[in-house]
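Chemist: What would the 3D arrangement of this be:
(one chain, ligands or ions: 1)
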Amino acid sequence: MDILDVHKIFYEQYGDTSIMKGIYGQQPIVFLFNVQDIEKLYRNEGIWPIRKGIESFQYYRKSRKDIFQNPGLLTHQGEEWFKFRSVVNPILMQPRNVLRYVDQMNLVADELIDNIKYFSEQNEYGEMPEDFNHELYKWSLESIGVVTMDKHLGCLRRDSDKNSEPQKLIENVLKMFQLITNLKYVNQYLDKLEKGETNEEGEKANVLQTLVKLDRNVAIAMAIDMMIAGVDTTGRILAASLYYLAKNPEAQQQLRNEAVTLLKAKNSPVTKETLSKAAYLKAVIKETARLSPISIGNLRTTVKNLVLGGYQIPKGTDVITSNLLLCKMDKNFSRANEFLPERWLSTTTGELSHKNTNPFLFAPFGYGPRSCVGKRLANLEMEVALLKIIRNFELEWPHEDMVFKTTILHGIAQPLKLHIKSVKY
Ligand code: HEM
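Modeler: You can find the predicted model right below:
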């Protein structure tokens, strides 16, 4: 049984609102399965919403003041969180700023494409290797490395040593025990910046360059958080989108038609203009996140007394929303268990259109001022890579249906052994 099964059982046995009382001495947690209650929770989260982090993580950060002079966004709360977030928001949340990374994203995606081609030539079915999922994590780590530190970690190099630092870093991030190794790169880079050894200024300055001018501790904490929050997540959604496209040839063909129109040659770069026209691509990513979000719900600690589902919920209660279950119910989304990206297109009308659904049901990046700060960056990474992959390759899934599991994160739980062929045109 995994965490999603626990949600299902709670919903089936107790309905829209339920409470799980302290396991292992933890505070009770309230489960919300009614979208009106979810909406009410968010609308009352205040200006400094509280989302508790993983406690061991918090403890570690507090106890290692030598490294974490600033605990970072993931674990900060209250006014301190707000101050940090206000510094980072203009850099990561403004579309114009994030789009500046499109060239780097193309370079990283090209390395991934090159590896996929290589793997597909290794056997007669073009089957991806057992650890292909890992390849996608390498792609997301490489993308984050480039954005934070202008550093090509070299994760996607086929000759890279399995014991190299980038490889160990991925292992560590996946285990959520990401510790010291990446600090080495962050510190090396900050030292370089301070010695004036890099010359990118103004418009071209990257995340760390911009932050370090404001506060070195904020820069360190943010670089670490980006590596923790930005690897497993983006890699998982890309993996799931490849799986769904392989299982749904019509959607795959529709996306390829868009890709061929927008990218004349297989190696054409993806530009801002390309992305502004790629409506189906964006719909595919949304539909993937609807059916397989990385987080099956979202956590908040209430900041005032609330009535939810008819119960008095005192200030300071931990509450979890159950978005994935709700997104898979036919009463909320038409043909809810089918992969139908067109539901997200503005041109789609009638029952299938997402406009008929409550916007609080679908929240893959969370909600409000505490929502994912890497949302725009993650979308940019995924859009560039996915468009290029579909422009270059045909995907098939000749196996049993994929198993999805939920631990802290949700996602595919078996090797992504897609069968991949190069597109001829
Ligand atoms: C597809 C990829 C991603 C998904 C689905 C995702 C999802 C989420 C979700 C659901 C939250 C909690 C939001 C809330 O409480 O309302 C979150 C928070 C966060 N994410 Fe992401 N994320 C992704 C990629 C990234 C990337 C690439 C970064 C790197 C910048 C990142 C950095 C963060 C940070 C720092 C937070 C904490 C924000 C805060 O508390 O102020 N995420 N993300």
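Chemist: low-confidence ranges in this structure?
Modeler: Filtered on pLDDT under 70, the chain yields the residue ranges 23-25, 54-57, 60, 66-69, 160-162, 166, 169-186, 194, 196-206.
Chemist: Enumerate the residues of it near the ligand.
Modeler: For the chain, the residues in contact with the ligand (Cβ under 6 Å from any ligand atom) are 51, 73-74, 85, 92, 225-226, 229-230, 233-234, 237, 294-295, 298, 364-367, 370-374, 377-378. To be clear about C-beta, it is placed using only N, CA and C from the backbone, and glycine gets the same treatment.
Chemist: For the closest residue to Asp131 other than its chain neighbours, grab the count of nearby residues.
Modeler: Counting by Cβ to Cβ, 6 or more residues apart in numbering, the nearest residue to Asp131 once its immediate chain neighbours are dropped is Pro415, at 7.2 Å. Each residue near Pro415 was counted by other Cβ atoms under 10 Å, and the total is 16.
Chemist: Name the residue of the stretch 151-300 of the chain that lies nearest to the ligand.
Modeler: Using Cβ to the nearest ligand atom, the single residue of the stretch 151-300 of the chain nearest to the ligand is Gly230, 3.0 Å away.
Chemist: Show the contacting residues for the closest residue to that residue other than its chain neighbours.
Modeler: Nearest non-adjacent residue to Gly230, counting by Cβ to Cβ, 6+ apart: Ile144, 4.5 Å away. Residues in contact with Ile144 (Cβ atoms under 8 Å, 6 or more residues apart in numbering) are 226-227, 230-231.
Chemist: Secondary structure of Ile144: a helix, I assume?
Modeler: Yes: remark: Ile144 belongs to a helix, assigned using DSSP: H, G, I helix; E, B strand; the rest coil.
Chemist: Return the distance of Gln254 relative to Ile237.
Modeler: According to Cβ to Cβ, to the nearest Å, Gln254 stands 19 Å off from Ile237.
Chemist: hmm, I was thinking of Arg61
Modeler: Counting by Cβ to Cβ, the gap from Arg61 to Ile237 is 26 Å.
Chemist: neighbour count winner among those two?
Modeler: Neighbour tally, Arg61 and Ile237, criterion other Cβ under 10 Å: the higher count belongs to Ile237, 24 against 20.
Chemist: Work out for me the element that one sits within.
Modeler: Using DSSP states H and E, Ile237 falls within helix 232-247.
Chemist: ok, how many other residues are close to Glu273?
Modeler: Glu273: 9 surrounding residues under other Cβ under 10 Å.
Chemist: Check the offset of stretch 359-371 from the chain's centre.
Modeler: 13 Å (Cα atoms, centre = their mean, to the nearest Å).
Chemist: let's number from 38 now, not from 1
Modeler: Sure, I'll start numbering at 38, so the last one becomes stretch 396-408.
Chemist: who's in contact with that stretch?
Modeler: So stretch 396-408 is in contact with 72, 75-76, 79, 82, 84-86, 88, 118-119, 122, 323, 326-327, 330-332, 335, 358, 360, 363-364, 369-370, 391, 409, 412, 415, going by Cβ under 8 Å, 6+ apart.
Chemist: can you rerun that using 6 Å?
Modeler: Defining contact as Cβ atoms under 6 Å, 6 or more residues apart in numbering, one finds that stretch 396-408 is touched by 72, 75-76, 79, 82, 86, 88, 326-327, 330, 335, 360, 363-364, 369, 409, 412.
Chemist: quick one: buried residues of it?
Modeler: The neighbour-count check on stretch 396-408 (16 or more other Cβ atoms under 10 Å) flags 397-404, 407-408 as buried.
Chemist: do stretch 136-150 as well
Modeler: Of all the residues in stretch 136-150, those buried under the rule 16+ other Cβ under 10 Å are 136, 138-139, 141-143, 145-150.
Chemist: what kind of secondary structure is Phe400 in?
Modeler: Residue 400: Ala, not Phe. coil.
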